[in-house]
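A.B. asks: structure, please.
(chains A and B)
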Amino acid sequence: MMDISLCLKRPSRMGDSKRMRMTSNFQWLLLTVLLLYLMNQVNSQKKRTPRDLKCITNNLQVWDCSWRAPSGAGHGAAYEVCFENGSHSCYRLEKNIKLPALLPGDHEITINPLHDFGNFISKFTLNEKNVSLIPDAPEILDLSADFSTSTLHLKWNDKGSVFPHHSNVIWEIKVLRKKNMEIVKLVTHNTTLNGRDTVHHWSWISDMPLECATHYVGIRCYIDDPQFSGRKEWSDWSPLKNISWSPDSQTKVFPQDRVLLVGSDITVCCVTQEKVLSAQIGSTYCPLIHLDGKNVAIKIRNISASESSGTNVVFSVEDNMFGTVIFAGYPPDIPQKLNCETYDLKEIICTWNPGRPTFLVGPRNTSYTLFESFSGKYVRFKRVELPTNESYQLFFQMLPNQEIYNFTLNARNPLGQSESTLLVNITEKVHPHIPTSVKVKDISSTAVTLSWHLPGSFAKIKLLCQIEINKTNSIHELRNVTMRGIENSSYLAALDKLNPYTIYTFRIRCCTDPFWKWSKWSNEKQYLTTEAIPSKGPDTWREWSSDGKNLIIYWKPLPINEANGKILSYNVSCSSDEETQSLSEIPDPQHKAEIQLDKNDYIISVVAKNSVGSSPPSKIASMEIPNDDLKIEQAVRMGNGILLTWNYDPNVTCDYVIKWCNSSRSEPCLMDWKKVPSNSTETIIESDQFRPGVRYNFFVYGCRNQGYQLLRSIIGYVEELAPVVAPNFTVEDTSADSILVKWEEIPVEELRGFLRGYLFYFEKGERDTSKMRVLESGRSDIKVKNITDISQKTLRIADLQGKTSYHLVLRAYTDGGMGPEKSMFVVTKENSVGLIIAILIPVAVAVIVGVVTSILCYRKREWEVIRLWKSLQGWKDRAVLVELACLGRGRSLPRSSGRRSCCSRPDVPKELDPWFQAPPSLQPYIQREEGALPPGCQGGLWLAWPVSRVHRWSSRVAQQKFYSRATSTSTT
Amino acid sequence: MRAQRMRRTPLSVILGLLFLSMAATSKCLGKYHELLLQLRRQADLMQDTSTLLDPYIRIQGLDTPGLKEHCRECPGAFPSEDALRGLSRQGFLRTLNATLGLVLHRLTALYQDLPEAQQLVGLNIRGFRSNIHCMSLLLRSSSEAETPEPTQPGPGPTPPPTPPSDAFQHKLKSCRFLRGYHCFMHSVGQVLREWGESRSRSRSRRHSPRRAPGDTAPSGPCRGGARRMWPFRRDRRLMPRGHLPR
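C.D. replies: Numbering: from 1, shown residues only, chains lettered A, B, ... in the order given. Sure thing, here's the model as predicted:
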């Protein structure tokens, strides 16, 4: 071929392009014809030889080779097959040959058909790569079902013994459902062939109960042998096997009583011969899924936790209902706070918290098992009661000589299990029981023995017990007692440093060493310690009686912690150098005694006695040490009491005594006293007897050799109030321009505080009108005087007006407020010279003004008056004229020249108008019926006729006459 | 959770317990009418479905439409009212005692489902049986001569079931059983109500069908409410309750 093409190519380089193209086409055509001829020859020869040799293997040991028979070969044609595999082997056979697996590499195989019409031998090169590995279809050994769990169990043999070496196998399993074979599951499963026949299992949990429909299962495999270089293919599917439930005639619902996890999905079906009308879960209806026959199912998704009685799923048929109960819950939570301890080293109690509720109760409730790994013992706990949040507990009997315990608590319910572990040295986890049988026994007045019972086997460990000692009105005290544990559980402790004759309350709790937990406190045990002699003498004071003949001795009852028992009586004795007087057996409630003494110096001694003995004596001298330099001071409340201070006095050796009494009480005045140590310089006196607004006297005494000297005298209030009364005041003297006022002191009881001053108010005013409305400081007409000099008792008020009534008010005030007021009215005396002047001056001024005005009026209007006067015919008319001047009041007056006329009428002639125009100031006068004329018209004396006379004299006719004349005059 | 769903204990139950404690701790009452009155009151109390059935239905989730109606009495589970009437007094008391004994036994299986109510009703039944015993003694000591009559085993309550495999059926069965119990106690009350008159009216050993004036029975828990008046028959035998009209 190469030669031909080269030859053909040579002339093309010499000719023109057209000839070259034609020559080239011809050459190609010739070449194609030649090629087709050759191919036909080859094919015709092939058809007469065996061809398409194909080899497959299903076990890698034997290759099953087959070929296509030559054309014309009959059905029973025979062949001679020869191949090289180390040696040359030939076989005579009819169609295919089973070769042992050949070694890797190419192998020549010749197939010689042994027939009549030719002798064509086919040669093939066979390599493992051309061989296909197609395993046999697997065979299902068994298909079973666990209907209760809706689980299918498949069993098959991998027939691994037929394969020469280990291979990976992939199994594909399909699950079909219902008669129409819906594939519901297709899953692969990997195994390994190990040269032996191995039975494999596969399980599958159906989402639908197996009773609901027939389930079919098939399987095939794929062998993935890494050493085999040929093609690998899936086997055929095994024959299907099925699982079906044989229903009886009764309708049933599946699954029954299924327990499942909250949130999961479930299919519930009803296997029935009747038509199902509806299905519901709880009160919710669900759509029906139709299965084979009249069977139906419903799908419940994301189911929520059930009530304790479960969730009902109900299918309704024509006249009946069928159902099942589903219990949706959770697997047990890991037990939390697992704790193991012992109360008595005999029994271990393990407690835990179950954690999240499982919502499963009754037979589905969580069961717990407590396992101890060292001993291999366990205890079981099964709660059948309702779940609560309380801790769960289990008791485990302690084992002799075992202190370390390794506990595993396993929780299990139908949905799963969990566990929690705890390694514990139980001797370090002792939580003793509550001590019981607490008893107290006397040792002395200040010591007792306490005994109690503490159940438990504590012989090998130490106990620490705490005893709480409570005393009335006192903070409780804790005492720790360490002791060795004993077998008989009775324990004893001594308590000292107690107070005699005191009620104590004891209680006990115990723990072990090392500490784990205290026991609960035992019940309280109350006990009264025995009496002892009083530890101190009573606090004593004395006062002389008002007549100075008797000495009154006071003492205070001993406080309980000093009395040390019940005080039965007191002994009082007064002794001097010369004599001794005594008063014995003064019964207890009495805390005062009176002894007649002369003015000698006596030492008074007071002793308190109880059933055990007498107290040390309390001594005080009868006489006071004089003090001439004494002044009274003031004190007020400081905080809750009255603060008294004094300077340190080195001469005071015993103590200070502060005595106080109500200042209004008569002597001997003693409310109470208080002793303070000699190194003190202040004290606060508090008493429930103190009342606001009451003045108290406080006396500070210093003690020297049992004798007391008054150091300070103080008056004070716990709270100052305003005075309850006003000071009584009187007017001592009155003049035309001043008043002298004098007042009295307010009694101490009514003052109710330290007097800080007086306020004096005065103003003009009479008794009925003024009444000193309100004494407001802002009012300018009220004058106020603040008198802060409380010793001042008089006040002169100057610069007053004569013969004027004044309203005087006086009130006192303290730091507690302003007291009430007391007032009086006083009229100053008359000032005669001033009065005369006050009268004369206005009169003179009035006369002068009148004269001047008259003159002016007369001169300016004289001619007009005369003309008018003349026009009037008689004096009657003239009088009417005067009245006319007043008839205009109350009428609508015409305006003239911008001024308002006082007397004009609408029908008055114009020429008269100026005359009637009176100045505005006159109108009030004109409108008065007295007829008084204004001062400005006084010049015209004729006008001064009283209108009353005109009234009496004139008549209505005369008026009309005048009007008509005036009108006519105006017209002309 | 269940406790929260439980209704407050009815006053009737408390009163019933008072009766019970009296009956259980004191000697038998010697007066027939007092004892009969007490029995009637107890029967009235025990037929009240609010003591047992209603809480059970509620707790078991059977209070949905359709389901409640299926909680109907099982035919033949308890003696019918007619059957009870047909018994002699002693026979009636013996049957009543035996039936309640079985009820008590069955109730113990319901403890987990209805703990509180179950305990209360259990006490109630014990008290009632105590009074039955007293009544039996009273009748025996009286001059009334009764022909010995064996206790009718008849259709009684089913024995306590084995642990249920089907919780739903168990619920329905228990529900039907409880309804049957209440119906039975209603019938007992009806019969006892007829006792008072018959004893005073005649010395007959059979019960009178007529009720005392003003002695009204509470409405029954069974379907159909009012029962047929008993037609007096001497040869009456126990009839299954299911034969009664509902």
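A.B. asks: just the buried residues of the helix or strand hosting B:Gln90, please?
C.D. replies: Per DSSP states H and E, B:Gln90 falls inside helix B:89-109. By neighbour count on 16 or more other C-beta atoms under 10 Å in any protein chain shown, the buried set for helix B:89-109 is B:89-100, B:103-104, B:106-107, B:109. C-beta here means a position set from N, CA and C on the backbone, and glycine is covered the same way.
A.B. asks: what is that helix packed up against?
C.D. replies: In terms of contacts (3 or more C-beta pairs under 8 Å, 6 or more residues apart in numbering or on different chains; DSSP states H and E), helix B:89-109 is packed against helix B:81-85, helix B:115-141, helix B:167-201.
A.B. asks: rerun at 10 Å
C.D. replies: Here helix B:89-109 touches helix B:32-46, helix B:81-85, helix B:115-141, helix B:167-201, going by 3 or more C-beta pairs under 10 Å, 6 or more residues apart in numbering or on different chains; DSSP states H and E.
A.B. asks: ranking those helices by burial, who's on top?
C.D. replies: Of the helices and strands packed on helix B:89-109, the one with the most neighbours on average (mean count of other C-beta atoms under 10 Å in any protein chain shown) is helix B:81-85, at a mean of 24.
A.B. asks: what about the chain, any weak spots by pLDDT?
C.D. replies: The chain I'm using is chain A. Scanning chain A for pLDDT under 70 picks out A:1-23, A:42-48, A:72-75, A:115-119, A:382-390, A:768-780, A:861-972.
A.B. asks: that's the other chain; I wanted chain B
C.D. replies: B:1-26, B:143-165, B:197-246.
A.B. asks: at 80 instead, please
C.D. replies: Within chain B, the stretches with pLDDT under 80 are B:1-30, B:65-66, B:68, B:72-76, B:109, B:111-119, B:141-165, B:196-246.
A.B. asks: sec struct for whichever residue of the stretch 601-750 of chain A sits closest to chain B, please.
C.D. replies: Nearest residue of the stretch 601-750 of chain A to chain B (C-beta to the nearest C-beta) works out as A:Asp688 at 53.7 Å. Of the three states, A:Asp688 takes coil under DSSP: H, G, I helix; E, B strand; the rest coil.
A.B. asks: where along the stretch 301-450 of chain A do the strands fall?
C.D. replies: Along the stretch 301-450 of chain A, counting by DSSP state E, counting those that start in this stretch, strands occupy A:311-316, A:321-329, A:336-342, A:347-353, A:367-372, A:377-382, A:392-397, A:404-413, A:416-425, A:436-444, A:447-453.
A.B. asks: state the phi and psi torsions of A:Gln596.
C.D. replies: When read as degrees, to the nearest 10, the backbone of A:Gln596 gives phi -80, psi 120.
A.B. asks: ditto for A:Ile739
C.D. replies: For A:Ile739, the backbone dihedrals (degrees, to the nearest 10) come out as phi -140, psi 140.
A.B. asks: can you pull out the helices in the stretch 651-800 of chain A?
C.D. replies: In the stretch 651-800 of chain A, the helices defined using DSSP state H, counting those that start in this stretch lie at A:748-751.
A.B. asks: return the residues of it in contact with chain B.
C.D. replies: Applying C-beta under 10 Å from any C-beta of the partner chain, one finds that the stretch 651-800 of chain A does not approach chain B at all.
A.B. asks: and the strands in the stretch 651-800 of chain A?
C.D. replies: Taking DSSP E, counting those that start in this stretch as the criterion, the stretch 651-800 of chain A carries its strands at A:655-662, A:672-677, A:682-685, A:696-704, A:707-717, A:729-734, A:739-743, A:755-764, A:783-787, A:794-797.
A.B. asks: would you format those as a markdown table with mean neighbour count included?
C.D. replies: Putting those into a markdown table (neighbours: other C-beta atoms under 10 Å in any protein chain shown) gives the following:
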| stretch | mean neighbour count |
| --- | --- |
| strand A:655-662 | 21 |
| strand A:672-677 | 16 |
| strand A:682-685 | 18 |
| strand A:696-704 | 21 |
| strand A:707-717 | 20 |
| strand A:729-734 | 14 |
| strand A:739-743 | 19 |
| strand A:755-764 | 19 |
| strand A:783-787 | 14 |
| strand A:794-797 | 16 |
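A.B. asks: which of those sits closest to A:Ser611?
C.D. replies: Of all those, it is strand A:672-677 that lies closest to A:Ser611, at 27.2 Å by C-beta to C-beta.
A.B. asks: which residue sits closest to A:Arg51, ignoring its sequence neighbours?
C.D. replies: Once flanking residues are discounted, A:Arg51 sits nearest to A:Arg68: 5.2 Å by C-beta to C-beta, 6 or more residues apart in numbering or on different chains.
A.B. asks: state the distance from that neighbour to chain B.
C.D. replies: Shown here: A:Arg68 relative to chain B, a distance of 66 Å by C-beta to the nearest C-beta, to the nearest Å.
A.B. asks: pretty sure that residue contacts A:Pro113?
C.D. replies: No. Contact between A:Arg68 and A:Pro113 fails when scored by C-beta atoms under 10 Å: they sit 11.3 Å apart.
A.B. asks: re earlier: count of neighbours near the residue of the stretch 601-750 of chain A closest to chain B?
C.D. replies: Close neighbours of A:Asp688, defined as other C-beta atoms under 10 Å in any protein chain shown, add up to 5.
A.B. asks: give me phi/psi at it?
C.D. replies: According to degrees, to the nearest 10, A:Asp688 has phi -70, psi -20.
A.B. asks: so what's it up against?
C.D. replies: Counting by C-beta atoms under 10 Å, 6 or more residues apart in numbering or on different chains, A:Asp688 touches no other residue.
A.B. asks: residues in contact with the residue nearest to A:Glu233 when sequence neighbours are not counted?
C.D. replies: What sits nearest to A:Glu233 in space, not counting adjacent residues and going by C-beta to C-beta, 6+ apart, is A:Ile134, at 4.6 Å. By C-beta under 10 Å, 6+ apart, the contact set of A:Ile134 is A:Ile56, A:Thr57, A:Asn58, A:Asp64, A:Tyr222, A:Ile223, A:Arg231, A:Lys232, A:Glu233, A:Trp234, A:Ser235, A:Asp236.
A.B. asks: and those residues as TSV, adding distance to A:Thr151?
C.D. replies: As requested, the contacts of A:Ile134 are exported to TSV (distance: C-beta to C-beta, whole Å):
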residue	distance to A:Thr151
A:Ile56	37
A:Thr57	37
A:Asn58	32
A:Asp64	39
A:Tyr222	26
A:Ile223	28
A:Arg231	37
A:Lys232	32
A:Glu233	32
A:Trp234	26
A:Ser235	26
A:Asp236	27
